[in-house]
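Chemist: output the structure for:
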Amino acid sequence: MAEHPAFTLAGLLAIGGTAGFIRTQSRPSLIAGLGLGAAYGYAGYLIKENRDNGVELALGASALLAASAVPRIVKTKGRAPVPIGLGLLGIVSAAYYAKKVNEFRYGV
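Modeler: Residues are numbered from 1 along each chain as shown. Below is the predicted model of the structure:
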């Protein structure tokens, strides 16, 4: 069941990165969207197949998503909704996958 958020985030980030590139010709948006989307997609695959490190990969991608939003939030002084949304999405998904890592490691 933990693979569903990973697959959802994979699609959202890939679409969002592509849309950002089409709108503003921002290569960093395209690279980050497709790169993090691929990481989430692979994590979802690993989780679904019950293989090692899928949840950890999703946690790492979530932390990277949250951390990458901080400079954009600071640059726009918190006025742009997209960086704020990406930061919140990264924080929420990191909390979810941190909980899942804890459950898998310690059975809690």
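
Chemist: when you work out contacts or count neighbours from here on, use the C-alpha atoms and nothing else.
Modeler: Fine.

Chemist: quick one, helices of the chain?
Modeler: Applying DSSP state H to the chain gives helices spanning 3-24, 27-48, 54-75, 81-106.

Chemist: name the residues of the longest one that are buried.
Modeler: Of all the residues in helix 81-106, those buried under the rule 16 or more other CA atoms under 10 Å are 83-84, 86-87, 89-91, 93-94, 96-98, 100-101.

Chemist: same check on stretch 12-24?
Modeler: Burial within stretch 12-24, assessed by neighbour count using 16+ other CA under 10 Å, is assigned to 13-21.

Chemist: and if you look at stretch 62-78?
Modeler: Judged by neighbour count (16+ other CA under 10 Å), stretch 62-78 contains these buried residues: 62-66, 68-69, 72-73.

Chemist: same deal with stretch 2-14?
Modeler: By 16+ other CA under 10 Å, the buried positions in stretch 2-14 come out as 2-3, 5-7, 9-11, 13-14.

Chemist: just these now: which is nearest Y45?
Modeler: Minimum separation from Y45 among those (CA to CA) is found for E3, which lies at 7.1 Å.

Chemist: okay, now the residue nearest to the closest one when sequence neighbours are not counted: neighbour count?
Modeler: With CA to CA, 6 or more residues apart in numbering as the measure, G44 is the residue that lies nearest to E3, at 4.4 Å, once sequence neighbours are left out. Residues lying near G44 (other CA atoms under 10 Å) number 26.

Chemist: my read: G44 touches M1, true?
Modeler: No - proximity of G44 to M1 does not meet the contact threshold set by CA atoms under 8 Å, at 9.6 Å.

Chemist: tabulate the buried residues of helix 81-106 (a markdown table), appending pLDDT and distance to K48.
Modeler: A markdown table is the format used below for the buried residues of helix 81-106 (pLDDT from 0 to 100; distance: CA to CA, whole Å):
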| residue | pLDDT | distance to K48 |
| --- | --- | --- |
| P83 | 94 | 29 |
| I84 | 96 | 30 |
| L86 | 95 | 25 |
| G87 | 97 | 26 |
| L89 | 97 | 22 |
| G90 | 97 | 21 |
| I91 | 98 | 22 |
| S93 | 98 | 17 |
| A94 | 98 | 18 |
| Y96 | 97 | 16 |
| Y97 | 97 | 14 |
| A98 | 97 | 17 |
| K100 | 96 | 14 |
| V101 | 95 | 15 |
